[in-house]
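Asker: what would the 3D arrangement of this be:
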Amino acid sequence: MSEILQEEVVASESGVSRRRVVAGVAWSLPVIATAIAAPAAAASGLSATTLLSAASTITLASSATGQGTTREGTGPADFQIINSGSTFTGPITGTVNIKPVGIVSAGVGVHSITSATLTSSAYTSTHEYNATFTLAQEVPAGQTVSVPIFFQYERVNPAPSGTLAYTLTITLRLPDNTDRIIVGTVTVTY
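Answerer: Got it, this is the predicted structure:
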């Protein structure tokens, strides 16, 4: 009888048991999780940051024609893309939102962005401005690219008086589909 018991013990030690399956699964899960997470970490995006230039005196064109009467104000002259990684090319798309600080009777918008195609630009009834753009720009490795931006004021009748302030938000979507958001202020004096 002891030979039969010993044979059963040897057979159970060399076979597949529930305990061995559970132990094997427990050890393999971290390896599987690491293998799944590795591609996501590898595709974490371009090594690029963005910023607005410091606010300075700017001249805003009339939104009616882009010519004629201009207004003075303050705001950034450009935004910058700082690339600390490898060169990237491809379209950089973006949105611009310029929202009044408080209640105003006229808005501020974007007249043009150098090397960009500006589309869907419009003012809302509360004088908030929204637009989209596409920038065909290569950003070389280790370089900073400055993109000049020119503003316009919303021409309304009667024209407001005083200095009006706005919050500027530019969202850039880089070729790897990651977003960079930059925020600043713009003013215009009537």
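Asker: for the protein, which segments count as helices?
Answerer: 2-14, 18-42 (DSSP state H).
Asker: lowest mean pLDDT across the ones you listed, which one is that?
Answerer: Summarising mean pLDDT across those, the least confident stretch is helix 18-42, with a mean of 41.
Asker: please name the residues that touch the nearest residue in space to Glu154 that is not next to it in sequence.
Answerer: Nearest-residue entry for Glu154: Gly107, 4.0 Å, with adjacent residues in sequence omitted and distances by CB to CB, 6 or more residues apart in numbering. All C-beta atoms are positioned from the backbone trio N, CA, C, and that covers glycine. By CB atoms under 8 Å, 6 or more residues apart in numbering, Gly107 lies in contact with Ile98, Pro100, Tyr123, His127, Glu128, Tyr129, Tyr153, Glu154, Tyr166.
Asker: if we go to 10 Å?
Answerer: Applying CB atoms under 10 Å, 6 or more residues apart in numbering, one finds that Gly107 lies in contact with 63, 98-100, 122-124, 126-129, 152-156, 164, 166, 188.
Asker: quick check: PyMOL command selecting the buried ones in these.
Answerer: This is how PyMOL selects the buried members of those, with burial counted by 16 or more other CB atoms under 10 Å:
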select buried, resi 63+98+99+100+123+127+128+129+152+153+154+155+156+164+166+188
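Asker: in strands, which of the contacts of Gly107 fall?
Answerer: Cross-referencing the contacts of Gly107 against strands under DSSP state E gives Ile98, Lys99, Pro100, Ala122, Tyr123, Tyr129, Gln152, Tyr153, Leu164, Tyr166, Val188.
Asker: quick check: the second one touching Leu164?
Answerer: Which is Lys99. No - applying CB atoms under 10 Å, one finds Lys99 not in contact with Leu164, separated by 11.7 Å.
Asker: which neighbours do the two share?
Answerer: Counting by CB under 10 Å, 6+ apart, the contacts common to Lys99 and Leu164 are Gly107, Val108, His127.
Asker: now, which of these sits nearest Gln137?
Answerer: Nearest to Gln137 out of these is Val108 (CB to CB; 24.2 Å).
Asker: need the pLDDT of that closest one.
Answerer: 97.
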